[in-house]
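S.K.: I'll drop the sequence and a predicted model, then ask my questions.
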Amino acid sequence: MQKLKTGRSVISRARRCLVRSDSSSPVLHRETPGGTGTFLDANERMQTIVCCQRPVAGAGRLTDSGAGRALVASGGKMTDEPEGDPTVILVTGGTGNVGANIVRQLLDAGEQVRVVTRAPGEHSLPGEAEVVRGDLSRPETLPAALAGIEQVFLFPVFDAIAGFLRAGRQAGLRHVVLLSSAAAGFPSRGWIGEQHLRAEQVVASSGLPWTFVRPDAFMTNDLAWAPQIAGGGVVRGAYGEAALAPVDPRDIAAVAVHALLEERAGETYTVTGPQSLTQLDRVRIIGEAIGRPVRFEELPRDTVRQQMVQHGMPAPAADELLDGLAARVGEPAATLPTVEELTGRRAFTYAEWVSLHRAAFAPTVTS
Ligand SMILES: NC(=O)c1ccc[n+]([C@@H]2O[C@H](COP(=O)([O-])OP(=O)(O)OC[C@H]3O[C@@H](n4cnc5c(N)ncnc54)[C@H](OP(=O)(O)O)[C@@H]3O)[C@@H](O)[C@H]2O)c1
């Protein structure tokens, strides 16, 4: 018996269904999630499909695509599938850099998505997404967000995780995809790594199946340079020669979406961008994108630390970030193939990310 390699569209659209052959074409049947089902294909070959989690929207029959060995929904009638009540994936942090991309990608995959935010109405979210008000730090605000939810993308509001999971468990949650940090896996974790590692431990000790997504530095962090670049074309900071492998939030989201749709419980995915780039490199790439030279001006570490703390960063986090940069001077950053391995496409380059945000870096027009 051969296990079929199911494509994401099937996984996402045909979950909690088994496939059975009682005629020439296999018919979907609801079953317990997590197992496998079998059917005879049109050529009387026994095939196996992983038991899926969500109902097929509008189409009931599956056909074996043959050479591609993926099953595809091809119309027909559902059997044993109750009408309505499809499962919804809850996205916390859905108004943020990563979460907004998760919302978009889940909707594109045909999923139903609920976003919980403290400020509905203040964010532009896709109309297809359900938006509810809730604050992760206040579990009493979460019943509407958690109703009927089995999976969540969890933004790490550190002190709120245990309470959220208790409420989630009672509501029937059965898979948590946690946004963590690559720093949780560093040999010397520092303050940021410790916070994220503790968050992972809280999730793991809840007993709920989990997946941890550990991204390296976000490309979006460099939007902090936008006012300096737009204003005068000079970025001031410390350790310009420090190399990172910054990752596009679209790629972090794609990894999280993979974890949700494939229910990859027990996996930890460390995610980097595809290139090792110093701050000088990144500033140059931005300059190329906006068609204007941009340069990096080195400032003393203490000056930069003071600015970070003034902007609200906890002092230990500022120290850790600066120590991290200091350690990365002259050392190329490691790049990992996680995005390509999980999604089948290469990760976005820094130049591709910049091209999306060119307007933010473009020179300010003064009248
Ligand atoms: N930046 C990096 O280089 C980096 C690297 C590794 C890991 N990380 C992790 O990624 C996180 C940042 O992700 P991001 O850039 O996608 O976030 P972001 O753009 O800063 O957005 C924060 C999100 O969290 C939500 N949120 C915050 N507190 C909440 C609460 N009490 N209740 C409900 N929602 C709450 C916000 O929702 P509303 O405001 O709509 O309520 C918003 O959607 C960091 O905190 C860190 O844990 C970052």
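M.R.: Nice, I can see it.

S.K.: use CA for all of it now, contacts and neighbours both
M.R.: Will do.

S.K.: how about A242, phi and psi?
M.R.: phi -70, psi 130 (degrees, to the nearest 10).

S.K.: could we number from 49 for the rest of this?
M.R.: Yep, numbering from 49; the last one is A290 now.

S.K.: what's the nearest residue to whichever residue of the stretch 199-348 of the chain sits closest to the ligand if we skip its chain neighbours?
M.R.: Proximity of the stretch 199-348 of the chain to the ligand (Cα to the nearest ligand atom) peaks at A265, 3.4 Å away. Nearest residue to A265 in three dimensions, chain neighbours excluded: P294, at 4.9 Å (Cα to Cα, 6 or more residues apart in numbering).

S.K.: same check, this time on N145
M.R.: N145 sits nearest to P297 (Cα to Cα, 6+ apart), 6.1 Å away.

S.K.: Could you do P411 as well?
M.R.: A278 (4.0 Å).

S.K.: In three-state terms, label the one you found for me.
M.R.: Secondary structure, DSSP: H, G, I helix; E, B strand; the rest coil: A278 is helix.

S.K.: Which parts of the stretch 149-298 of the chain are strands?
M.R.: 160-165, 178-181, 197-202, 223-227, 258-263, 282-285, 291-292 (DSSP state E, counting those that start in this stretch).

S.K.: Now tabulate these in CSV and tack on distance to R393, mean neighbour count and mean pLDDT.
M.R.: Formatted as CSV, those follow (distance: least, Cα to Cα, whole Å; neighbours: other Cα atoms under 10 Å; pLDDT from 0 to 100):
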stretch, distance to R393, mean neighbour count, mean pLDDT
strand 160-165, 24, 22, 98
strand 178-181, 29, 18, 98
strand 197-202, 22, 23, 98
strand 223-227, 21, 25, 98
strand 258-263, 17, 25, 98
strand 282-285, 32, 19, 97
strand 291-292, 21, 26, 98
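
S.K.: would a markdown table of those strands with distance to P191 be doable?
M.R.: Formatted as a markdown table, the strands of the stretch 149-298 of the chain follow (distance: least, Cα to Cα, whole Å):
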| stretch | distance to P191 |
| --- | --- |
| strand 160-165 | 11 |
| strand 178-181 | 10 |
| strand 197-202 | 10 |
| strand 223-227 | 17 |
| strand 258-263 | 21 |
| strand 282-285 | 44 |
| strand 291-292 | 40 |
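
S.K.: May I see those strands organised as JSON lines, with distance to the ligand added?
M.R.: Below are these laid out as JSON lines (distance: least, Cα to the nearest ligand atom, whole Å):
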{"stretch": "strand 160-165", "distance to the ligand": "4"}
{"stretch": "strand 178-181", "distance to the ligand": "8"}
{"stretch": "strand 197-202", "distance to the ligand": "9"}
{"stretch": "strand 223-227", "distance to the ligand": "6"}
{"stretch": "strand 258-263", "distance to the ligand": "5"}
{"stretch": "strand 282-285", "distance to the ligand": "16"}
{"stretch": "strand 291-292", "distance to the ligand": "10"}
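
S.K.: Find the residue ranges of this structure scoring beneath the pLDDT cut-off.
M.R.: 49-134, 413-415 (pLDDT under 70).

S.K.: quick one, what contacts the most centrally placed residue in it?
M.R.: The chain has A301 as the residue nearest its centroid, 2.5 Å off, counting by Cα atoms, centre = their mean. Counting by Cα atoms under 8 Å, 6 or more residues apart in numbering, A301 makes contact with V146, G147, N149, I150, Q153.
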